[in-house]
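Visitor: Below is the sequence, then the predicted model.
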Amino acid sequence: MREKVVVGMSGGVDSSVAACLLREQGYDVIGVTMQIWQDEDNDMKGIKGGCCGLTAVEDARRVAEALEIPYYVMNFKQEFRQYVMDYFVDEYLQGRTPNPCIACNRYVKWEALLKRCLSMGADYIATGHYARIAKLENGRFAVRRSVTAAKDQTYALYGLTQGQLAHTLMPVGEYEKSAVREMAEKAGLPVAHKPDSQEICFVPDKDYAGFIDRSAEGRVPGGGNFVDEEGRILGRHKGITHYTIGQRRGLELPMGERVYVTGIRPETNEVVVGRNEDLFTRRVLCRKVNYMSIEDLTEPRRVFGKIRYNHKGAYCTIEKLPDGSVAADFEEPVRAAAPGQSICFYDGEYVLGGGIIE
């Protein structure tokens, strides 16, 4: 009897080719698009091109027809609202910089989708992520870098659990992007040349502050003071939800030199600004650490760390602190380690784990 795999189909070329490859490998493939957009009067109406927007269903259904596989739309609106959208808003209100894609991967695309699919008799779920999954000699599962560094998406997957990894397939991690598009074209898939989606799917206009204003009406603090590290008032800001650590544009401060956001203080509604050099640090603390290639961190360890998706990364030594958090001491200073963002640790090609920057 063939093993059954449910492929999360976003309507893009990567997940479409994932479904194609798995069908060729002999799996019993079912296509699913996760319905996450909200009610008709919400921001989600009319989204075009997002990973799970309205057009995703149209494109994914056409791909499923071309591949001759069953296709369904599953409703995950409640989970997406709770674990992604509400989290996104709450983090900004606390002066932090959230990472909604990581939250979506952990709690919606895997926890919610996998649980539902396993209950329906599936053996695996699969995605079009540029990453690979390996079972290590110590018996643990870990995410491994894809063969193409330019598209590698392992940073956003550090939060997955052992149980989730054991039931996950990521077939496109073995290929370059150009090869994936060639396979899609050869298979006659209608999305072979569809552009990749770049924006956060529920804020397609990139107006984060506007989205937060609409979503958290009555909870959003108004304008406050720009201050320096000593607390001297330098001017007025539009509200802390408009800013993130390292930001330079949009400050509109006549300082005579370039200044950057170096801190956000929600308790006093202040935004701290300083020089570029003030953004560099060698030590980064993180909490809510998920270990992947190891069961626990029992002694200091030299690893490769990334403090955001597009960070080139740098070597650091990580050590577990008495409260369970982890300190990462980098060998070269890293810039703009923003609280709320994630830090991912690599042991060679494998994800050792990661956590939320404190």
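Guide: Sure, I can see it. Numbers count the residues shown, from 1 in each chain.
Visitor: Give me the contacts around the helix or strand hosting Ala19.
Guide: For Ala19, the host element (DSSP states H and E) is helix 13-24. Applying C-beta atoms under 8 Å, 6 or more residues apart in numbering, the contact partners of helix 13-24 are 5, 7-9, 29, 31, 60, 63-64, 67, 69, 126-130, 169-172, 180-181, 183-184, 187, 189, 191-194, 196. C-beta here means a position set from N, CA and C on the backbone, and glycine is covered the same way.
Visitor: Repeat the analysis, applying 6 Å as the threshold.
Guide: Around helix 13-24, the neighbours that count as contacts under C-beta atoms under 6 Å, 6 or more residues apart in numbering are 5, 7, 9, 29, 31, 63, 67, 126, 128, 171-172, 180-181, 183-184, 187, 189, 191, 194.
Visitor: Now it - C-alpha only, CSV.
Guide: The C-alpha trace of helix 13-24 is given here as CSV (Å, rounded to 0.1, in the frame of the first residue of the first chain):
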residue,chain,number,x,y,z
VAL,A,13,6.0,26.8,-8.3
ASP,A,14,7.9,25.3,-5.4
SER,A,15,5.0,23.5,-3.6
SER,A,16,3.6,22.5,-7.1
VAL,A,17,6.9,20.8,-8.0
ALA,A,18,7.0,19.2,-4.5
ALA,A,19,3.7,17.5,-5.3
CYS,A,20,4.9,16.5,-8.8
LEU,A,21,8.1,15.0,-7.4
LEU,A,22,6.4,13.0,-4.7
ARG,A,23,3.9,11.6,-7.2
GLU,A,24,6.8,10.5,-9.4
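Visitor: From the chain's centroid, how far away is that helix?
Guide: Relative to the mean C-alpha coordinate of its chain, helix 13-24 is positioned 22 Å out (C-alpha atoms, centre = their mean, to the nearest Å).
Visitor: next SSE after it?
Guide: Heading C-terminal from helix 13-24 (DSSP H and E), you reach strand 28-35.
Visitor: which strands and helices sit next to that next one?
Guide: Judged by 3 or more C-beta pairs under 6 Å, 6 or more residues apart in numbering; DSSP states H and E, strand 28-35 is in contact with strand 4-8, helix 13-24, helix 54-67, strand 71-75.
Visitor: Touching, Tyr124 and Leu169? I think so.
Guide: Yes: Tyr124 is in contact with Leu169 according to C-beta atoms under 6 Å; the separation is 5.1 Å.
Visitor: Could you quantify the relative orientation of the helix holding Ala19 and strand 71-75 as an angle?
Guide: 130 degrees (axes from the mean of the first three to the mean of the last three C-alpha atoms, to 10 degrees).
Visitor: Backbone dihedrals for the residue nearest to Arg106 when sequence neighbours are not counted, please?
Guide: Leaving out its chain neighbours, the residue that sits closest to Arg106 by C-beta to C-beta, 6 or more residues apart in numbering is Gly159, at 4.0 Å. Here is the backbone geometry of Gly159 (degrees, to the nearest 10): phi -80, psi 0.
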